[in-house]
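In: show me the folded form of this:
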Amino acid sequence: MPASLPNQSANFPIMLLSTLMLVLVSSSSMATSEGSFDREFEITWGQDGRARILNKGNLLNLSLDQASGSSIQSKNEYLFGRFDMQLKLVPENSAGTVTSFYLSSQGSAHDEIDFEFLGNLSGDPYVVHTNVFTRGGGGREQQFYLWFDPTADFHTYSIIWTPNRIILSVDGTTIREFKNLESIGVPYASKKPMRVYASIWNAEYWATRGGLVRTDWAQAPFTASYRKFNARACIWASGKSSCSPTSTSTSSLSRIDVRDYIVEESIKWVQKHYMIYNYCTDAKKYPRGIPAECFVSGSTKHNLGSI
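Out: Residues are numbered from 1 along each chain as shown. Predicted coordinates for the structure are as follows:
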């Protein structure tokens, strides 16, 4: 990592946050999916070998070359839950590549919650690009560097999606939160079931330094690895949720075991040291005014983005 990025040991206590990881309260009617990619997913792109499920279903390799990338999607649709995935990103020169882990519904007015990892030249840090789409509209990008080398080992990236809020975390450290503010007219992903997706694809025209650095195809194939997928979530099937409106699992989704103070302090620490873009401070993008959610909970005062 470049010397300009601060050492985690001198900053916010990451290990303390890991002991306060965001978990859903136990419930017998909430489905748990764990581990097996061949059982939980189907290959949607790269069936020719670019997408490979290995180690008895416990490891997924997604590869990109100049001809094509690869992707998978979950067999189940979900309406709320916690989704964890461990990733090890493309090493060395990964410029122009995007590796992703995200949730998305279908249709033009879709909802989506994104982790996208923008590759870079060897020795430069990855950019973690996050976004929240509602009713087909995005524009809520926040970008960060990481406090570790994401190509050296696997790390856990989590999407927690409840009726009240969306939380994105890395190894148990919250990096952003998007609250349900439908009461003040802010659209929220609350009604459309989503599938889990993972992919690697060519985005050389924008991914690395706005497209200034193109992909070196001599380095291909570019391969990212995934393991230990875990979903503790409400499965949506035949127009119904496995968590009924009156079930304990639905209420537990609204009662994530999370300490708001720790979450806010984590977000402030990450954004102070590692944030490189926040839509809430982009007046050029929003000349008619910053989105309403940016003014909630002191987000503009503390540069906290969409909380």
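
In: gap between the two ends of stretch 214-232?
Out: 39 Å (Cα to Cα, to the nearest Å).

In: apologies, that question was intended for stretch 170-182.
Out: OK, stretch 170-182 end separation, Cα to Cα: 27 Å.

In: before we move on, what about stretch 143-162?
Out: End residues of stretch 143-162 are separated by 22 Å (Cα to Cα).

In: quick one: the helices in the stretch 201-307 of the chain?
Out: Under the criterion DSSP state H, counting those that start in this stretch, the stretch 201-307 of the chain contains helices at 248-253, 260-274, 299-302.

In: equivalent analysis for the stretch 51-200 of the chain, please.
Out: Using DSSP H, counting those that start in this stretch, helices in the stretch 51-200 of the chain do not occur.

In: please enumerate the strands of it.
Out: 51-54, 59-64, 70-74, 77-88, 97-104, 112-118, 127-133, 142-144, 155-161, 165-170, 173-179, 195-202 (DSSP state E, counting those that start in this stretch).

In: and stretch 184-204, C-alpha only, in PDB?
Out: Output of stretch 184-204 as PDB, limited to C-alpha atoms (Å, rounded to 0.1, in the frame of the first residue of the first chain):
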ATOM      1  CA  ILE A 184     -39.100  12.500   3.800                       C
ATOM      2  CA  GLY A 185     -39.400  11.400   0.200                       C
ATOM      3  CA  VAL A 186     -36.100   9.500  -0.300                       C
ATOM      4  CA  PRO A 187     -36.700   6.300  -2.300                       C
ATOM      5  CA  TYR A 188     -35.600   3.100  -0.500                       C
ATOM      6  CA  ALA A 189     -35.200  -0.500  -1.600                       C
ATOM      7  CA  SER A 190     -38.000  -2.000   0.400                       C
ATOM      8  CA  LYS A 191     -40.400  -3.800  -2.000                       C
ATOM      9  CA  LYS A 192     -38.500  -5.600  -4.800                       C
ATOM     10  CA  PRO A 193     -36.700  -9.000  -4.100                       C
ATOM     11  CA  MET A 194     -33.100  -9.100  -5.200                       C
ATOM     12  CA  ARG A 195     -30.600 -11.800  -6.300                       C
ATOM     13  CA  VAL A 196     -26.900 -11.900  -5.300                       C
ATOM     14  CA  TYR A 197     -24.500 -11.400  -8.100                       C
ATOM     15  CA  ALA A 198     -20.700 -11.600  -8.600                       C
ATOM     16  CA  SER A 199     -18.800 -10.700 -11.700                       C
ATOM     17  CA  ILE A 200     -15.600  -9.600 -13.300                       C
ATOM     18  CA  TRP A 201     -15.700  -7.400 -16.400                       C
ATOM     19  CA  ASN A 202     -13.900  -4.900 -18.600                       C
ATOM     20  CA  ALA A 203     -14.500  -1.300 -17.800                       C
ATOM     21  CA  GLU A 204     -11.200   0.200 -19.000                       C
END
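
In: for that stretch, what is the distance to the chain centroid?
Out: Relative to its chain's centre, stretch 184-204 lies at 9 Å (Cα atoms, centre = their mean, to the nearest Å).
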